[in-house]
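Trainee: here's a sequence, model it:
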Amino acid sequence: MAETSSKGKEKPEERKPVKENGIKIYQFSIDRLNEENARYWFHTMEKQLKVQFCWQTIEYFYEVGSARYSSIIGNDMDWFKIDLKADSIIEQGLTPATILEVKDQPNAGSKWNCLKEMFLKSSNTKKAMKLMKMASWTWDQSRLNEKDAFREINQLGEEFIDMNGSEMVSIRELIMIWYLRGLGSQYATLRDTVMSSNATLDKGYVLSQIEDLMQMKGGSAGEKGS
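Mentor: Numbers count the residues shown, from 1 in each chain. Below you'll find the model as predicted:
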């Protein structure tokens, strides 16, 4: 029975700390996750989690579902420790900004799933950015020889095919990409905004953005004229 203090409040019962061996994480090196290296990063990180015997926690998350998995790691110390190890390993490959974005995910499985949604979900604008990068690619002679230069541009192409789901590209999509690129520095801010969003890169959306900016410029010019 819990003791009662002089003020009538029950004192919390004393408890002993849980004695467990610390979690051992073997050091490794990996680039920080970003949209450019996402597919390679997930491949490399999955391999690292397997090497350190905690990929099983990610598999278990997908096997039993989020709610069941959360209940399991809340009641099973062994699974909790493996999940915590996986979570710590994953965060070693994230930037501080990304860590803060996913910090509220309750476990490693949920965090892994969230990161895949953030970085692997293809959109027209992401594909357009990749095509623009390929179109503007040039050989950096100070960094690469001729063979390595081919490997670099070929890798960009493979990443695009993987992102696009096929080797085929819509000519209509290309028209909008070259249009945005050809507008030049005058529309650089709009181009960067459109290309970094997840909006559908179609004629109606892009031209409506251009028209809004044209009206704003027209209004500014009219105010100056008056």
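Trainee: from here on, contacts and neighbour counts on C-alpha atoms
Mentor: Will do.
Trainee: now Gly218: how far from Thr138?
Mentor: 38 Å (Cα to Cα, to the nearest Å).
Trainee: distance of the most centrally placed residue in the chain relative to Ile210?
Mentor: Centroid-nearest residue in the chain, with Cα atoms, centre = their mean: Phe119, separated by 3.0 Å. For Phe119, the distance to Ile210 (Cα to Cα) stands at 28 Å.
Trainee: how about Gln141, secondary structure?
Mentor: Following DSSP: H, G, I helix; E, B strand; the rest coil, we place Gln141 in the coil state.
Trainee: and for it, the neighbour number?
Mentor: Neighbours of Gln141 under the rule other Cα atoms under 10 Å: 10.
Trainee: quick one: the helices in this structure?
Mentor: In the chain, the segments counted as helices under DSSP state H are 38-51, 55-64, 66-75, 77-91, 96-102, 108-120, 124-135, 146-164, 171-182, 188-196, 203-225.
Trainee: I'd like those helices as CSV, with mean pLDDT and distance to Asp31 appended.
Mentor: Shown next, in CSV, are the helices of the chain (pLDDT from 0 to 100; distance: least, Cα to Cα, whole Å):
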stretch, mean pLDDT, distance to Asp31
helix 38-51, 92, 7
helix 55-64, 95, 19
helix 66-75, 93, 28
helix 77-91, 95, 11
helix 96-102, 94, 13
helix 108-120, 91, 14
helix 124-135, 75, 19
helix 146-164, 85, 17
helix 171-182, 78, 29
helix 188-196, 73, 22
helix 203-225, 72, 34
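Trainee: and of these, who's closest to Gly22?
Mentor: helix 77-91 (9.0 Å; Cα to Cα).
Trainee: okay, buried residues for the closest one please.
Mentor: Trp79, Phe80, Lys81, Ile82, Asp83, Leu84, Lys85, Ala86, Asp87, Ile89, Ile90, Glu91 (16 or more other Cα atoms under 10 Å).
Trainee: how close does the first one sit to Gln92?
Mentor: Trp79 sits 20 Å away from Gln92, going by Cα to Cα.
Trainee: do the same with the second one
Mentor: Distance, Phe80 to Gln92, by Cα to Cα: 19 Å.
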